[in-house]
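Peer 1: dropping a prediction and its sequence here:
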There are 2 protein chains.
Amino acid sequence: MFNKQELIDFCNTARESYLAHISIDCVVFGFHEGQLKVLVLKMKNEQSWYLPGGFVLKNEPIEEAANRILKDRTGLDEIFLQQFHVFGDPERSRPHREMYANMLPPSENWFANRFMTIGYYALVDFIHVTPTPDSHSEACTWCDLADTPQLELDHGIILKSALDTLRLQLNYQPIGYNLMPKEFTMPELQKLYETILDKKLDRRNFQRRMLGFGILTRSEKPRKGGAHKAPYLYSFDLANYQNALKEGLKGGW
Amino acid sequence: MFNKQELIDFCNTARESYLAHISIDCVVFGFHEGQLKVLVLKMKNEQSWYLPGGFVLKNEPIEEAANRILKDRTGLDEIFLQQFHVFGDPERSRPHREMYANMLPPSENWFANRFMTIGYYALVDFIHVTPTPDSHSEACTWCDLADTPQLELDHGIILKSALDTLRLQLNYQPIGYNLMPKEFTMPELQKLYETILDKKLDRRNFQRRMLGFGILTRSEKPRKGGAHKAPYLYSFDLANYQNALKEGLKGGW
């Protein structure tokens, strides 16, 4: 948390620069080799963890704000963030209101405002990014989803909602282009789905359905190596993949 | 539009009552007997049409705000509104800023603010509701989707985005409980899907897929009447339907 002078400085800047009442919080899921993690920040001088978040500049489009905030807070740049929900309970920011209530009168205290927060999420290959904490934070780290520390405010609810959205999205949008190597086997792709859904899937159904989407190209040559039966290699058909991102996967109505 | 005194009165109330920078707009689709329509308002003293919208009270949860606004503006009550997107381009509210710029200085003019708007949508049976314009509006009416008047601000984009969301939703959530009679034939249900999607669907595929979701119960008795072969009647299995609303339709991963 801020000390009194830091709070005064922050509030002065915030009133000048930011829209009142609105914040953005980012849920960045990291996937690599069968593990799913989430990026969290530990604030300096607090035993508390948050999703990376921040405020919107007075003249800034919100999509740009989400990207700037994620970059400022974690160092992650050029991540495709998707808006998923606004969290608008008037009580959600009460803990911050109370935390700073003794330091400044409400009229000068940015955190005396009610804030609704716009949730954004992304899924990245976590070996390709290097989280770097900002100056307010003591740490910026990946946590196993099953082992996430308790998050402050309603950030636990926001994380749960982002995960639900990601799982639902598997039913109508393709996934994996930035997560899989250029060529991969069907079991490797299945592992991505199983990790996100946190359940086992039937091998034959997975393959039939996935091929039905028309977003995969099968390579002529199977993978070399020691396997007694070399598996087929697939890659994404980028044109069809991008079309499915826009139009939804085949198999809809 | 407001005249100067109306604007002054509105701005005084708004500053007292509402959160700055945030509005809500509602896209209410109406369905009845194979027609899909959208509810729009015509403002007094303007040749212009809007989606029903408004502002959030300082201490009001946003879901309550959406319902209150829809009720205030259109008379529609107890409609299940779903949040679908925030529209956050800083230029989106410029036309209102300019429309009122000559009447009041920016510091007193509520509409000099930038507003981002949270979009909500709903699908209702339009014979069961009676649209009633509020005191700012000259008319509150259903328009055919294909024949919607040009909407002000970015309301045309918001409508398009709501329709895309509704169509996508058909792939993972059940629909129709409040729109179909208690008992209906498969072709009647298919017509609902075809109307929303604005395309013909294959009869056999539709039936196979719909039955696969496990949300329909087939009645013992076919419909009476003159048809040479009486069609089966179906009703929704409410427990399974509500479960599918929460968990997504069967046939996902």
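Peer 2: Cool, got the structure. Numbering: from 1, shown residues only, chains lettered A, B, ... in the order given.

Peer 1: quick check: buried residues in stretch A:181-197?
Peer 2: Residues A:184-186, A:188-196 are the ones in stretch A:181-197 that count as buried (16 or more other CB atoms under 10 Å in any protein chain shown). (Glycine included, C-beta is placed from N, CA and C.)

Peer 1: pLDDT on the lengthiest strand in chain A, on average?
Peer 2: Secondary structure assigned by DSSP state E gives strand A:18-32 as the longest strand of chain A. Averaging pLDDT along strand A:18-32 gives 96.

Peer 1: quickly check: that strand near chain B or not.
Peer 2: Yes. Using CB under 8 Å from any CB of the partner chain, strand A:18-32 comes into contact with chain B via A:19-22.

Peer 1: okay, now the sheet partners of that strand, with direction.
Peer 2: Under the criterion DSSP bridges, strand A:18-32 sits next to strand A:35-43 (antiparallel), strand A:53-57 (antiparallel), strand A:116-125 (parallel) in its sheet.

Peer 1: centre of the chain versus it, how much separation?
Peer 2: 8 Å (CA atoms, centre = their mean, to the nearest Å).

Peer 1: quick check: the farthest pair among the buried residues of stretch A:181-197?
Peer 2: Greatest spatial distance in those: A:185 and A:196, 17.7 Å, computed using CB to CB.

Peer 1: okay, now residue A:203: neighbour count?
Peer 2: Per other CB atoms under 10 Å in any protein chain shown, the neighbour tally for residue A:203 reads 11.

Peer 1: how near is it to residue A:191?
Peer 2: The spacing between residue A:203 and residue A:191, counted by CB to CB, to the nearest Å, is 11 Å.

Peer 1: now residue A:38
Peer 2: With distances taken as CB to CB, residue A:38 is found 19 Å from residue A:191.

Peer 1: before we move on, the earlier item: output the residues of strand A:18-32 next to chain B in JSON lines; the columns should cover neighbour count.
Peer 2: Output for the residues of strand A:18-32 next to chain B, formatted as JSON lines (neighbours: other CB atoms under 10 Å in any protein chain shown):
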{"residue": "A:19", "neighbour count": "24"}
{"residue": "A:20", "neighbour count": "18"}
{"residue": "A:21", "neighbour count": "19"}
{"residue": "A:22", "neighbour count": "23"}
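
Peer 1: can you verify residue A:127 is assigned to a strand?
Peer 2: No. Residue A:127 sits outside any strand when classified using DSSP: H, G, I helix; E, B strand; the rest coil, being helix.

Peer 1: just give the nearest non-adjacent residue to it, would you?
Peer 2: The spatial neighbour of residue A:127 that comes closest, neighbours along the chain excluded (CB to CB, 6 or more residues apart in numbering or on different chains), is residue A:32 at 5.2 Å.

Peer 1: likewise for residue A:75?
Peer 2: In space, residue A:75 is closest to residue A:132, 3.3 Å off (CB to CB, 6+ apart).

Peer 1: number of nearby residues for the one you found?
Peer 2: Neighbour number of residue A:132 under other CB under 10 Å is 12.

Peer 1: quick check: it is in a strand.
Peer 2: No. With three-state DSSP as the criterion, residue A:132 is assigned coil and is not in a strand.

Peer 1: what about the residue in the stretch 101-250 of chain A that chain B sits nearest to, how many residues close to it?
Peer 2: Of all residues in the stretch 101-250 of chain A, residue A:171 sits closest to chain B, at 4.3 Å by CB to the nearest CB. Using other CB under 10 Å, residue A:171 has 18 other residues around it.

Peer 1: who's in contact with the helix or strand encompassing residue A:162?
Peer 2: Take DSSP states H and E as the rule and residue A:162 turns out to sit in helix A:155-169. Residues outside helix A:155-169 that contact it (CB atoms under 8 Å, 6 or more residues apart in numbering or on different chains) are A:25, A:27, A:29, A:38, A:49-51, A:84-85, A:87, A:117, A:119, A:121, A:123, A:145, A:148, A:150-151, A:175, A:196-197, B:172, B:248, B:252.

Peer 1: got the CA positions of the helix or strand just after that helix in CSV?
Peer 2: With elements assigned by DSSP H and E, the helix or strand that comes after helix A:155-169 is helix A:186-197. Output in CSV follows, covering the C-alpha atoms of helix A:186-197 (Å, rounded to 0.1, in the frame of the first residue of the first chain):
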residue,chain,number,x,y,z
MET,A,186,-3.2,-34.5,-32.0
PRO,A,187,-2.4,-35.7,-28.5
GLU,A,188,-0.4,-32.5,-27.9
LEU,A,189,-3.3,-30.3,-29.0
GLN,A,190,-5.7,-32.5,-26.9
LYS,A,191,-3.5,-31.8,-23.9
LEU,A,192,-4.0,-28.1,-24.3
TYR,A,193,-7.8,-28.5,-24.2
GLU,A,194,-7.6,-30.9,-21.3
THR,A,195,-5.4,-28.5,-19.3
ILE,A,196,-7.8,-25.6,-19.8
LEU,A,197,-10.9,-27.7,-19.1
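
Peer 1: many thanks, have a good one.
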